[in-house]
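> Need a 3D model of the following:
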Amino acid sequence: MTSNLYISATRPGEGKTAITLGIMAALQRRLPNIGFIKPVGHRDIERRYLSIDVDTLLVAKVCNLHSNLQDSSPVTLDPGFPDRFLAEEERQQAIGEIIGSFQRVAEGRDFVVIEGSGHAAVGHNLGLSNGFLASLMQAKMLLVTSGALQHPVDEIALNKVFLEQWGVPLLGVIINRVKPSDEPLINQYTRPVLADLGIELLGVVPEMPELIEPTMLEVRSEIDAEVFSGRSNLGNRPRRILVGAMTAENAFSRLEEAKPGNLMVTPGDRTDLILAGLLCHQRRLATDPTKNLLAGIVLTGGIAPHEAIRTLLRESELPVLLAKEDSFVTASRIGEIVVRIDPADRARVKLIIDTIARCVDVERLLAQLAED
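Predicted structure coming up:
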């Protein structure tokens, strides 16, 4: 009998949802009769009497799941739910809802893929940790960690200890967001260290900037900005934020040395900085048309640009947004954007599915699930 598969992470923000989506798609190519559930999620989408976690909706739509959506997302809590507590009556009610939904999702299936929230212990103060839920659903755990961490093995070891308390086998690990230059080091050093801990490395997934870098359109939506110009280039993806808060003279040297793909955030009345950015951007394009200095500009403080430079901004074809809040608040909000994968975004979805199929040993994962 094949065990159920529970996918968790070593910490939030490791790209667990993208990995889950890719693994679901890869498994469906081999075993089309599998179910999916995210037992505890965020209350993201409210539709009539339904409360659905947005990650559940993503997997359901992309993988054409036919089970009841509410069963795939039985318990949804407000954002920040790990910081609150549940009374025992509430906890038992939540467990009952999860068990009932899981049984309906699992009925007639070969097995069920379960997506957790955060690391193995998340939800422990609610009595609904990933470790507890995995034991409840007789699942084996797959951990997703990030190559950006200095010591991912330490994070994995801590999660393994917690899972052992619940009798949940850790069948393997996927290291996500790995720089190409780091993959040989992971295979040389990390893989054998994990093997010493009895943990298999089932995949090394490279960085996919398209999944973590928001488009200018997504930036506009997040900060509720007005589009001033460059609407046709709202698909540009800024890689880093440059906040204009210095003199134009100092800005020139910084801009000349900056890497490509910056989002310039500056007050709308800082004409000197806007002109400095435009000039350096045009000079960079003249040298190498493939390396745009700027991906876009956000003008803050609810101040529209001076009439004298409006034509220059439009002619640059850069997407320029007008934001109401000040530069610090605006830049902070942009920096905290978590890119959500839209089921209708075929390019991102295809990138995830193709990358996971190439980089994760799905056959070995299935073999691990089938072992007693």
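> Measure how buried the residue lying closest to N130 once chain neighbours are set aside is and give me the count.
Nearest residue to N130, sequence neighbours excluded (Cβ to Cβ, 6 or more residues apart in numbering): G116, at 3.9 Å. The way it works is simple: take the backbone N, C-alpha and C, and place the C-beta from them, glycine included. Neighbourhood size, G116 [other Cβ atoms under 10 Å]: 28.
> swap in T266?
Going by other Cβ under 10 Å, the residues that sit close to T266 add up to 26.
> ok, the residue nearest to N130 - contacts?
Applying Cβ atoms under 8 Å, 6 or more residues apart in numbering, we find G116 in contact with 6-9, 16, 38-40, 122, 130, 133-134.
> Next one: it relative to V40, how far apart?
Going from G116 to V40 by Cβ to Cβ, to the nearest Å gives 8 Å.
> Between the two, which contacts overlap?
With Cβ under 8 Å, 6+ apart, G116 and V40 have common neighbours L133.
> R237 sits in which helix or strand?
For R237, there is no helix or strand it lies in under DSSP states H and E.
> try L171
strand 170-178.
> ok, that strand: who's next to it in the sheet?
strand 139-146 (parallel), strand 201-206 (parallel) (DSSP bridges).
> thinking again about what came up before, where's the dip in pLDDT among the contacts of G116?
Taking pLDDT as the measure, those have their low point at V122 (76).
> Make sure it is indeed in a strand.
No: using DSSP: H, G, I helix; E, B strand; the rest coil, the assignment for V122 is coil, not a strand.
> For R104, see how far away S51 is.
Distance of S51 to R104, given as Cβ to Cβ: 17 Å.
> Oh, that last question was meant for V40, not what I typed.
For V40, the distance to R104 - Cβ to Cβ - is 17 Å.
> what does K38 give?
With Cβ to Cβ as the criterion, K38 and R104 are 14 Å apart.
> got the contact list for the residue of the chain most remote from its centre?
Within the chain, the residue lying farthest from the chain centre (Cα atoms, centre = their mean) is A308, at 40.8 Å. By Cβ under 8 Å, 6+ apart, A308 lies in contact with T271.
> Check which helix or strand it maps to.
helix 307-316.
> Could you give the separation of that helix from the chain centroid?
36 Å (Cα atoms, centre = their mean, to the nearest Å).
> Which stretches in the stretch 51-200 of the chain count as helices?
With DSSP state H, counting those that start in this stretch applied, the stretch 51-200 of the chain shows helices at 54-62, 69-72, 88-106, 130-136, 152-165, 183-185, 191-196, listed in chain order.
> Mean neighbour count and distance to A344 for the ones you listed - can I get that in JSON lines?
Below are those laid out as JSON lines (neighbours: other Cβ atoms under 10 Å; distance: least, Cβ to Cβ, whole Å):
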{"stretch": "helix 54-62", "mean neighbour count": "21", "distance to A344": "8"}
{"stretch": "helix 69-72", "mean neighbour count": "20", "distance to A344": "17"}
{"stretch": "helix 88-106", "mean neighbour count": "16", "distance to A344": "24"}
{"stretch": "helix 130-136", "mean neighbour count": "23", "distance to A344": "29"}
{"stretch": "helix 152-165", "mean neighbour count": "18", "distance to A344": "33"}
{"stretch": "helix 183-185", "mean neighbour count": "13", "distance to A344": "32"}
{"stretch": "helix 191-196", "mean neighbour count": "13", "distance to A344": "37"}
